[in-house]
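Participant: The amino acid sequence is not available; the structure is as follows:
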């Protein structure tokens, strides 16, 4: 089977049900089926077929969903590009992926043809709405290439198969009990695996009614929740920090109709867990995934959702810790990096994918992430995990954000330095003294740098390589 078969339970089986709200329009599953069929025929008429790449540089929109479904049906490899990327980053992906074309709503310097979504939609409207005759697409065929954030060197394209996406969706829909009766508020960018691999696939498999936002806007978030009244929401830590600013009465009302809040893409501080529970009456379900593997590990839907941990491996996924590093096996793990055989070989050991993430596991099986292996600070022979210090600093009422990174030191090799964002003036000498009272001496930051904001990517993950030197 491939993803088309997985989606047909909704596209065909629930054709008359309302599938999507976007801006002021609503679409049934049958309408999405017809729109994507027309677009598939249009793409085919332009010479695209199984195994070809199509790059897509778009913000969240119904046109982006049409494109993804059309690609899945034809076996075209969907290559989303981060909408925040600019010419240099876009050029790298276009050169590396070697696509047939790029779909973009804005002018982009491109070595391949650029098609606007409006032009494609207009041209597709003249095509037949019946599903085109399809060539057999195997579950192991690539469905997408997701480019990593490229924090070290140029970004690499992780090749994800139909089976990778399908196994991930089946796990999440099953473990989180997502059903057609759910109402899903989707504000995550579809160019990222969090929005695409989790959000889009869970919606299309379960058949729930979804409202798609172009982006999360904290100024209108409360009104959006109250108007749509979702039961399901996926977010990132920065979004949940924003939600903590809701009026308590509104938060309680939202908590009354919500069923599940899920967080991922970056660690959620335990303090945010506690504050969110007190305000909304919900314990956020935190999970752990990657571009190369989709979802790996998650806290249970039923049972203890333990703050600070990411829970247990999902069904069918094996995890182990070797020299502190999480290594994985399972149907979710990608097939390799696009045209990077050496990088692919380096990413695996005896069939296990080396995540580069450092973690511990409790006696009862809960995994706790400690940070990236590349973030580990070795100071005077002692190992320092930045996340531990970051979480401690974020417990301070005046600190809204914190990131700890290594800086070179002649005596100790490396020392930790803290970069903080504050909500009010803060005496840094007092902060240092507090750290000395609560942390081992070698973990105390050797400097505290106050910033207006931390550099983050589109999913809210701190980009430590962009912190001041």
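Facilitator: Now that the structure is in, tell me what you want to look at. Only a predicted model underlies this, so the values are computations on that prediction, with no experimental measurement involved.

Participant: the residue most distant from the middle of the protein, which is it?
Facilitator: Distance to the chain centre peaks in the chain at residue 411, reaching 39.3 Å (criterion: C-alpha atoms, centre = their mean).

Participant: And that residue, how far from residue 379?
Facilitator: According to C-beta to C-beta, to the nearest Å, residue 411 stands 10 Å off from residue 379. The C-beta positions use only the backbone N, C-alpha and C, and glycine is treated the same way.

Participant: thinking again about what came up before, so who does the residue farthest from the centre of the chain touch?
Facilitator: Contacts for residue 411 (C-beta atoms under 8 Å, 6 or more residues apart in numbering) come out as residue 380.

Participant: you'd agree it is in a strand?
Facilitator: No. With DSSP: H, G, I helix; E, B strand; the rest coil as the criterion, residue 411 is coil rather than part of a strand.

Participant: Which residues belonging to the lowest-mean-pLDDT helix or strand in the chain are considered buried?
Facilitator: Ranked by mean pLDDT, DSSP states H and E, the weakest helix or strand in the chain is strand 382-384, scoring a mean of 84. Of the residues in strand 382-384, residue 384 count as buried by neighbour count, 16 or more other C-beta atoms under 10 Å.

Participant: Give me the sheet partners of that strand and which way each runs.
Facilitator: When pairs are called by DSSP bridges, strand 382-384 turns out to pair with strand 377-379 (antiparallel).

Participant: in the strand it pairs with, what counts as buried?
Facilitator: Under the neighbour-count criterion of 16+ other C-beta under 10 Å, strand 377-379 has 377, 379 buried.

Participant: what does stretch 130-148 give?
Facilitator: Buried residues in stretch 130-148, counting neighbours by 16+ other C-beta under 10 Å, are found at 131, 132, 137, 139, 141, 142, 143, 144, 145, 146, 147, 148.

Participant: which ones among those are found in helices?
Facilitator: Counting by DSSP state H, those place none of their members in helices.

Participant: Looking at these, which one is closest to residue 330?
Facilitator: Using C-beta to C-beta, residue 139 comes nearest to residue 330 of these, at 14.5 Å.

Participant: Next one: the closest one from residue 351, what distance?
Facilitator: 19 Å.

Participant: do the same with residue 417
Facilitator: Separation of residue 417 from residue 351 (C-beta to C-beta) stands at 38 Å.

Participant: Of the two, which one has the most company?
Facilitator: Set residue 417 next to residue 351 and count neighbours by other C-beta atoms under 10 Å: residue 417 wins out with 20 against 9.

Participant: so who does the more buried one touch?
Facilitator: Contacts for residue 417 (C-beta under 8 Å, 6+ apart) come out as 404, 405, 406, 407, 445, 446, 447, 448, 449.

Participant: correct me, but residue 9 touches residue 207?
Facilitator: Yes. Contact status for residue 9 versus residue 207: in contact at 6.6 Å, counting by C-beta atoms under 8 Å.

Participant: Show me which of the two is the more surrounded one.
Facilitator: Ranked by neighbour count (other C-beta under 10 Å), residue 9 and residue 207 place residue 207 first, with 22 against 15.

Participant: Distance-wise, check the more buried one relative to residue 178.
Facilitator: In terms of C-beta to C-beta, residue 207 sits 9 Å off from residue 178.

Participant: Then residue 458?
Facilitator: Distance, residue 458 to residue 178, using C-beta to C-beta: 24 Å.

Participant: what about the residue nearest the centre of the chain, which SS state?
Facilitator: For the chain, residue 194 is the residue whose C-alpha lies nearest the centre (C-alpha atoms, centre = their mean; 2.7 Å). Taking three-state DSSP as the rule, one finds residue 194 in the helix state.

Participant: wait, doesn't it sit right on residue 234?
Facilitator: Yes. Counting by C-beta under 8 Å, residue 194 touches residue 234, with 6.8 Å between them.

Participant: so what sits against both of the two?
Facilitator: What both residue 194 and residue 234 touch, as defined by C-beta under 8 Å, 6+ apart, is the set 188, 264.

Participant: List the contacts of residue 321.
Facilitator: Residue 321 makes contact with 327, 359, 360, 361, according to C-beta under 8 Å, 6+ apart.

Participant: Look at residue 466 and say how many residues are nearby.
Facilitator: By other C-beta under 10 Å, 11 other residues sit near residue 466.

Participant: mind listing what's buried in stretch 398-418?
Facilitator: Neighbour counts over stretch 398-418 (16+ other C-beta under 10 Å) mark 399, 401, 402, 403, 404, 405, 406, 414, 415, 416, 417, 418 as buried.

Participant: Could you export the residues you listed to TSV, including columns for pLDDT and secondary structure?
Facilitator: As requested, these are exported to TSV (pLDDT from 0 to 100; DSSP: H, G, I helix; E, B strand; the rest coil):
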residue	pLDDT	secondary structure
399	95	strand
401	92	strand
402	95	strand
403	95	strand
404	95	strand
405	94	strand
406	93	strand
414	89	strand
415	92	strand
416	95	strand
417	97	strand
418	97	strand
